[in-house]
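Enquirer: one predicted model, sequence on top.
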Amino acid sequence: MSKDQAIGGAIFIVCLLVAIGYIITLFMPSLFVDVVGYVGLTVTVADVKFWIIALPVFIAFVAIMFIGAWIGWTMATTPPPKPIEEITTEVEEAAEEKTKS
């Protein structure tokens, strides 16, 4: 097994465990409250229901904003392309030089 395959397997397992934990917490928030209660934290079912929805929405929103900012930055810092007329002129000149030599 290569290093890339091992990393891919680890990512797969982590994503699978997070998805299973999310689904369990989404449909059985009282189970999460009971588990966290053993640690000594006071959490209500309403808190769990709110955060299990709010956290992924927040992460998705920030990710979409980051992608939009990245696209904007790329567009702002990339020089404009040459006009097509200039490119065709260069190609024609190169072709003429090739036929002369």
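Expert: Now that the structure is in, tell me what you want to look at.

Enquirer: and the pLDDT for Gly21?
Expert: According to the per-residue confidence, Gly21 scores 91 in pLDDT.

Enquirer: dump the residue contacts of it.
Expert: Under the criterion of CB atoms under 8 Å, 6 or more residues apart in numbering, Gly21 has no contact partners. All C-beta atoms are positioned from the backbone trio N, CA, C, and that covers glycine.

Enquirer: what strand or helix carries it?
Expert: Assigned by DSSP states H and E, Gly21 falls within helix 3-27.

Enquirer: mind listing the helices for the chain?
Expert: In the chain, the segments counted as helices under DSSP state H are 3-27, 29-39, 45-77, 84-100.

Enquirer: now do the buried residues in the last one.
Expert: Translated: helix 84-100. Going by neighbour count (16 or more other CB atoms under 10 Å), nothing in helix 84-100 comes out as buried.

Enquirer: just the longest one next, same as before
Expert: By neighbour count, with 16+ other CB under 10 Å as the criterion, the buried positions of helix 45-77 are Val48, Ile52.

Enquirer: tell me the average confidence for that helix?
Expert: Confidence over helix 45-77 (mean pLDDT, whole number) is 95.

Enquirer: and it, how far out from the chain's middle?
Expert: Its chain's C-alpha centre and that of helix 45-77 lie 9 Å apart, by CA atoms, centre = their mean, to the nearest Å.

Enquirer: tell me what that helix is packed against?
Expert: With contacts defined as 3 or more CB pairs under 8 Å, 6 or more residues apart in numbering; DSSP states H and E, helix 45-77 has these neighbours: helix 3-27, helix 29-39.

Enquirer: most neighbours per residue, which of those?
Expert: Of all the helices and strands packed on helix 45-77, helix 29-39 carries the top mean neighbour count, a mean of 13, counting by mean count of other CB atoms under 10 Å.

Enquirer: other SSEs contacting it?
Expert: helix 3-27, helix 45-77.

Enquirer: between the ones you listed, which gets nearest to Val33?
Expert: helix 45-77 (5.6 Å; CB to CB).
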